[in-house]
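1. give me the fold of what follows.
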Amino acid sequence: MLLAALLFSGGRLAAQAAPGVGQVAPVVTVADLDGKPVRVGLGVGKRAAVVEFWATWCEVCRALLPEMRSAQKQYGDRVDFYGVNVTVNDRRERVRRYVAENRPPWVTLYDDRGVAVRAFGALATSYVVIIDKNGRVAYTGDGADQKIAAELATLVGK
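-> Here you go, the predicted model:
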């Protein structure tokens, strides 16, 4: 589902382009569900990262969840997994309930300021960015049929 082609920023509408494959990925700080800051991309030089932009109401995100679980099970010892809730129609308590019931395979972040959404140019839920250990975007995609585990196999080995 399309979030918005233009994002509200500093009193004006501002478009933000998504970093493309091969470009340096942004490093952003987003709060977890307890309000503690988490730096996405902190493992640069050590670990790759998977970042999914999602919402509790996103059916495509729900359909992608088994693939994300499989990828995390196979590569979680070498790859960091982040789920950035876009906060559109999602209050923090609703996200907490969803996480408790569905146990997604990532560190859950609550992007109520839109920092990560803008930095990564995430225009849709189910948008996934894979960042290699050198901090470069290795993959971007959206939709339920993404092959995250296969992408990680290519990136970090089996």
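2. quick one, helices of the chain?
-> Applying DSSP state H to the chain gives helices spanning 59-75, 92-102, 115-120, 148-156.
3. state the pLDDT value of residue 7.
-> Listed pLDDT for residue 7 reads 39.
4. could I get the helices of the chain as JSON lines with mean pLDDT and distance to residue 131?
-> For every residue, glycine as well, the C-beta is placed using N, CA and C. Below are the helices of the chain laid out as JSON lines (pLDDT from 0 to 100; distance: least, C-beta to C-beta, whole Å):
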{"stretch": "helix 59-75", "mean pLDDT": "96", "distance to residue 131": "13"}
{"stretch": "helix 92-102", "mean pLDDT": "96", "distance to residue 131": "23"}
{"stretch": "helix 115-120", "mean pLDDT": "93", "distance to residue 131": "10"}
{"stretch": "helix 148-156", "mean pLDDT": "94", "distance to residue 131": "9"}
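5. nearest to residue 20, out of the ones you listed?
-> If you check each of the helices of the chain against residue 20 by C-beta to C-beta, helix 115-120 wins as the nearest, at 11.2 Å.
6. got a list of what the residue nearest to residue 147 when sequence neighbours are not counted touches?
-> Leaving aside its chain neighbours, residue 147 sits nearest to residue 67 (7.1 Å; criterion: C-beta to C-beta, 6 or more residues apart in numbering). Residue 67 makes contact with 146-149, according to C-beta atoms under 8 Å, 6 or more residues apart in numbering.
7. with neighbour count added, can I get those residues in a markdown table?
-> Shown next, in a markdown table, are the contacts of residue 67 (neighbours: other C-beta atoms under 10 Å):
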| residue | neighbour count |
| --- | --- |
| 146 | 23 |
| 147 | 14 |
| 148 | 24 |
| 149 | 17 |
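8. having no further points to raise, I will conclude here.
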